[in-house]
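Undergrad: build me a model from this:
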Amino acid sequence: MPEQRPPLEGDFAFLPDRERHIAGYIDALPDGAVMDVKSLAKVLPLYGQTAVGSALRALSVAGHLRRVRGLNGEGNQVRWVTRTYWSRIAHDNEWWNAFLVAETTPAPVPAPVPVPVSVSVPEQRAEEPRPETELVPVPGVGSGEERQPSKAFVALARLGRVDERLALSAVECAELEPLAAEWFERGVDATYLRGALTAGLPESVRSPFGLVRRRLRDKLPPRLPVVPRIEAEVPMFRAMAVCTECETPGRPEAFRDGLCKPCRQPEPEPESEPAARPLSPGFNG
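TA: A predicted model of the protein is given here:
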């Protein structure tokens, strides 16, 4: 149901007795209650299905209800259902058209959220935590000033503190920095990089620079694939407006007073047969 104001005693006073009685009953139903002709006729013993159908038509013309029909569910678990929208306040066709267009227009599907695939971290030795903001002298600066080093340079400079067999000089760290930076561009962090470079070291390392350079090249991880986040399927209701009387589907603006064009036109009255002319007196058959 559209948003409702509190009920008033004279909400349906302008309606005929039958429509007022059925409108009062429908108005007291909770959201989601069954409102088809057959179900209403069962609980309203004063009126049969024909009378209930005529009353619903009149309530549609009065601006109190509209109907939509569509598929409910997802995948193979779908079925056709009819929904009736009821309003305690009577609305004109323009209001109902705008309401039904909003109800029958599918909501935009949100863009999938990229989720990086996790990569296992090699076994590594524990190290004492050190502040990441530590400045490391970087060679090549003629003025003698120190610049903030990159993550790749810092990770290489700390290898000797993790395992003294991989102690590198500042010049060696600067030379290996582009190779290590490519690891970070592929989504790994300093912990992963240090673990890959220090895992399974031999008892003695003759050339830490050569070993680190070879491992940076040979163990370069693949780029992390980006996969969309799979959201749980939410049952959807894809529908279109239908005629209140015959349930012919169509766009909301194709209906006036909730009725399609054929149902709005009154049925032509049957033509009466011409009266038989009296026979002439001189005709004896």
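Undergrad: run through the stretch 151-285 of the chain and note the low-pLDDT ranges.
TA: Along the stretch 151-285 of the chain, the model assigns pLDDT under 70 to residues 224, 226-239, 266-285.
Undergrad: which stretches of this structure form helices?
TA: 17-27, 37-43, 49-61, 93-104, 151-157, 159-162, 170-185, 190-198, 208-218, 261-264 (DSSP state H).
Undergrad: give me the contacts around the fifth one.
TA: So that's helix 151-157. 132, 134, 136, 138, 149, 168, 170, 172-174, 176-178, 180-181, 183-184, 190, 193-194, 212 (CB atoms under 8 Å, 6 or more residues apart in numbering). For every residue, glycine as well, the C-beta is placed using N, CA and C.
Undergrad: buried ones among these?
TA: 136, 138, 149, 168, 170, 172-174, 176-177, 180-181, 183-184, 190, 193-194, 212 (16 or more other CB atoms under 10 Å).
Undergrad: ok, back up a step: let's have the helices of the chain in CSV, adding distance to residue 247.
TA: Listed next are those as CSV, based on distance: least, CB to CB, whole Å:
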stretch, distance to residue 247
helix 17-27, 18
helix 37-43, 10
helix 49-61, 11
helix 93-104, 14
helix 151-157, 66
helix 159-162, 74
helix 170-185, 60
helix 190-198, 62
helix 208-218, 70
helix 261-264, 10
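Undergrad: out of those, which is the most enclosed?
TA: Highest mean neighbour count among these (mean count of other CB atoms under 10 Å): helix 151-157, with a mean of 22.
Undergrad: and the pLDDT for residue 77?
TA: Predicted confidence (pLDDT) for residue 77: 71.
Undergrad: name whatever forms a beta bridge with it.
TA: Listed by DSSP bridges, the beta-bridge partners for residue 77 are residue 74.
Undergrad: what of the one 5 residues further on?
TA: Counting by DSSP bridges, residue 82 forms beta bridges with residue 69.
Undergrad: can you give me the neighbour number for it?
TA: Neighbours of residue 82 under the rule other CB atoms under 10 Å: 13.
Undergrad: you'd agree it is up against residue 34?
TA: No. Checked against CB atoms under 8 Å, the pair residue 82 and residue 34 is beyond contact range at 10.1 Å.
Undergrad: separation between the closest residue to residue 62 other than its chain neighbours and residue 240?
TA: Nearest residue to residue 62, sequence neighbours excluded (CB to CB, 6 or more residues apart in numbering): residue 90, at 5.5 Å. Distance, residue 90 to residue 240, by CB to CB, to the nearest Å: 23 Å.
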